[in-house]
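Enquirer: Provide a 3D model corresponding to the input given below.
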Amino acid sequence: MPTLHVFDAIARPNSFSRPAAEFRISHSAVSHRIKQLENCLGKPLFVRAGRRLRR
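Expert: Prediction:
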């Protein structure tokens, strides 16, 4: 699945858990895909505060 689909799924609920279940991949795999996208764009897409996310 394309990384942008993962980003879209995360952005809706501000959670990595729901997209992981939706795409049947691990939470870690979701996190890695978003980190790759952030590295490619050169900036963070989410503000991480512990286990919470903000756009």
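Enquirer: buried sites along stretch 18-33?
Expert: By 16 or more other CB atoms under 10 Å, the buried positions in stretch 18-33 come out as 19, 20, 22, 30, 33. C-betas here are computed from N, CA, C, even on glycine.
Enquirer: mind checking how far the fourth one is from residue 54?
Expert: Residue 30 sits 17 Å away from residue 54, taking CB to CB, to the nearest Å as the criterion.
Enquirer: What of the first one?
Expert: Taking CB to CB as the measure, residue 19 falls 16 Å from residue 54.
Enquirer: Which strand or helix spans the nearest residue to residue 14 once chain neighbours are set aside?
Expert: Ranked by CB to CB, 6 or more residues apart in numbering and with sequence neighbours excluded, the top spatial neighbour of residue 14 is residue 53, at 4.6 Å. Using DSSP states H and E, the element containing residue 53 is strand 52-54.
Enquirer: mind listing what that strand pairs with, with the direction of each?
Expert: strand 47-49 (antiparallel) (DSSP bridges).
Enquirer: Can you give the distance of the strand it pairs with from its chain's centre?
Expert: Taking the mean of its C-alpha atoms, strand 47-49 sits 12 Å from the chain's own mean (CA atoms, centre = their mean, to the nearest Å).
Enquirer: How much space separates residue 22 from residue 2?
Expert: On the measure of CB to CB, residue 22 and residue 2 end up 14 Å apart.
Enquirer: Touching the longest helix anywhere in the chain from outside, list them.
Expert: In the chain, ranked by residue count with DSSP state H as the criterion, the top helix is helix 27-41. Helix 27-41 has contacts (CB atoms under 8 Å, 6 or more residues apart in numbering) with 3-4, 6-7, 10, 16-17, 19-20, 23, 44-46.
Enquirer: which one in the protein is furthest away from the centre?
Expert: The C-alpha centroid of the chain is most remote from residue 42, which lies 15.4 Å away (CA atoms, centre = their mean).
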